[in-house]
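Visitor: Got a predicted structure plus its sequence, pasted below:
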Amino acid sequence: MDILGATLRVCVDDLEAAVPFYERLAGGTALRFERGGVRVAAVGCFLLMSGPPAELEVLRKVAATIAVSDVEEARKVLGEMGAQIVAGPVPTPVGRNLIAMHPDGAIYEYADRTT
């Protein structure tokens with residue numbers, strides 16, 4: 001499994017107010033989408049999320065998003081290493097993802113991109 005990088009997950013009250021700061025900080029333009037009632041803006045290494053408190057409570061439990069070359073391969077390797085696959089793999093606007101709980105209890109999202 002190739003780990004390509006990580007994205008920091010940031011829950012914000014006001015996505016529109018937060019995006020300009022992170023765009024300037026990261027030096028890029030946010031890619032925006034909505035998923036499950038949560039509005040998302042991806043900019044640089046930051047994934048900003050805003051939405052209903054109940055949804056954000058669940059999202060806050062995921063420590064980070066880890067970019068991998070292939071989510072299916074990640075699922076296999078993680079399973080062999082004793083991680084529990086909590087959700088997925090499922091399609092996303094840019095690829096696929098899964099949520100895994102590591103043996104130490106830490107929860108991460110693993111995501112790939114399709115071209």
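Guide: Happy to help now that I have it.
Visitor: For whichever helix in the chain runs longest, which outside residues touch it?
Guide: In terms of residue count, the longest helix belonging to the chain (DSSP state H) is helix 15-26. The contact list for helix 15-26, computed with C-beta atoms under 8 Å, 6 or more residues apart in numbering, reads 10, 12, 29-30, 39, 41, 43-46, 48-50. Heads up, the C-betas are built off the backbone N, CA and C, glycines and all.
Visitor: Show me what the helix or strand that that helix is followed by is packed up against.
Guide: Reading on from helix 15-26 to the C-terminus, the next helix or strand found by DSSP states H and E is strand 31-35. In terms of contacts (3 or more C-beta pairs under 8 Å, 6 or more residues apart in numbering; DSSP states H and E), strand 31-35 is packed against strand 38-43.
Visitor: Compute the inter-axis angle for the strand it packs on and helix 15-26.
Guide: Strand 38-43 and helix 15-26 are oriented at 20 degrees to each other (axes from the mean of the first three to the mean of the last three C-alpha atoms, to 10 degrees).
Visitor: Which elements pack onto strand 38-43?
Guide: helix 15-26, strand 31-35, strand 46-50, helix 53-59.
Visitor: Make a markdown table out of those and add distance to V77, mean neighbour count and mean pLDDT.
Guide: Below are those laid out as a markdown table (distance: least, C-beta to C-beta, whole Å; neighbours: other C-beta atoms under 10 Å; pLDDT from 0 to 100):
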| stretch | distance to V77 | mean neighbour count | mean pLDDT |
| --- | --- | --- | --- |
| helix 15-26 | 29 | 14 | 97 |
| strand 31-35 | 25 | 12 | 89 |
| strand 46-50 | 23 | 21 | 95 |
| helix 53-59 | 24 | 12 | 89 |
